[in-house]
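> curious how this folds, go ahead:
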Amino acid sequence: MIAPRIPGFSLCTPVNFGKIKLGTKETYYGHHLPMNMPVKRTHFNGTFERYENIAGNIEKIKTWVKPDEQPDYFPGMEDLVLSIRRGFNHWPVNLCPSVEYYEELVDKFEYKTLWVCTDSPDDPYIEDLIGRTRNSKIARMNGNKQFSFIASSQRVIMAPSTFTFWATMIGTSSKIYWPRIPALDFSQTSHNWFPYDDPRVEWVEL
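Numbers count the residues shown, from 1 in each chain. Here you go, the predicted structure:
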């Protein structure tokens, strides 16, 4: 049994369990992972997408997650990066705030260039946003390069996206702004990705 590397992250060590006997299924519920899990037939029947499961281990995780590709250019020290995921992989776009919301949010910041990082650069939504915001550009590059681009930014506005979450967590940003929007509100959910112990992270709202 082998867990292969994530494409584009060759420094991640592949996990090789060898031959294992499946036997009786072990089921885990709730959202707390046990400290030691035997290598066996395991079924996770709970909500384990919780920051508490990785809190305190970010520095260690940084040594695992290093993309093979680097972008041809990087954001400057005075630039602002805005991550927007529009759901090319069927993520519901109705969870994405309106163009007007981002226009008003971005206007609260001083920056030299606004870089929009998105999975859907040709979406009319993105074109509309670029037309409404000052000194804005689309960071056109593949996913691995965009991951490195976000990770290298000094200031980034978070998207409801695990892609953006990991890019900001393992990156060098001095400020990570979380918009107070429904898709990032975990007060009524059993999952919670908000990095409560990271001093770089702060909520922003209109």
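
> beta partners for Glu26?
Glu26 has these beta-bridge partners by DSSP bridges: Thr42.

> also Asn192?
Going by DSSP bridges, Asn192 is paired in beta bridges with Arg50.

> my guess is it contacts Glu52. True?
Yes: with contacts defined as C-beta atoms under 8 Å, Asn192 counts as touching Glu52 at a distance of 7.5 Å. In this view, the C-beta of every residue, glycine as well, is placed from N, C-alpha and C.

> the two - which one has more neighbours?
Taking other C-beta atoms under 10 Å, Asn192 and Glu52 do not tie; Asn192 has more neighbours (16 against 13).

> who touches that one in this structure?
By C-beta atoms under 8 Å, 6 or more residues apart in numbering, the contact list for Asn192 reads 49-52, 186.

> report pLDDT for it.
For Asn192, the pLDDT comes out at 86.

> kindly report the same for Val15.
So Val15 comes in at 59 (pLDDT).

> and what of Ala3?
Looking at Ala3, its pLDDT reads 54.

> ok, and what's touching stretch 132-147?
With C-beta under 8 Å, 6+ apart as the test, stretch 132-147 has contacts from 8-9, 67-72, 81, 99, 102-103, 106-107, 111-119, 121, 126, 129-130, 149, 163, 166-167.

> C-alpha coordinates for it, PDB please?
In PDB, the C-alpha atoms belonging to stretch 132-147 read as follows (Å, rounded to 0.1, in the frame of the first residue of the first chain):
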ATOM      1  CA  ARG A 132     -13.200  47.900 -10.900                       C
ATOM      2  CA  THR A 133     -10.000  47.800  -8.800                       C
ATOM      3  CA  ARG A 134      -7.000  50.100  -9.000                       C
ATOM      4  CA  ASN A 135      -3.600  48.800 -10.200                       C
ATOM      5  CA  SER A 136      -4.800  45.200 -10.500                       C
ATOM      6  CA  LYS A 137      -3.400  42.300 -12.500                       C
ATOM      7  CA  ILE A 138      -4.200  38.600 -12.900                       C
ATOM      8  CA  ALA A 139      -1.300  36.300 -11.900                       C
ATOM      9  CA  ARG A 140      -1.600  34.000 -14.900                       C
ATOM     10  CA  MET A 141       0.300  30.800 -14.200                       C
ATOM     11  CA  ASN A 142      -0.300  27.100 -13.500                       C
ATOM     12  CA  GLY A 143      -1.400  25.800 -10.100                       C
ATOM     13  CA  ASN A 144       2.000  24.900  -8.700                       C
ATOM     14  CA  LYS A 145       3.500  28.300  -9.700                       C
ATOM     15  CA  GLN A 146       0.500  30.100  -8.300                       C
ATOM     16  CA  PHE A 147       0.900  28.200  -5.000                       C
END
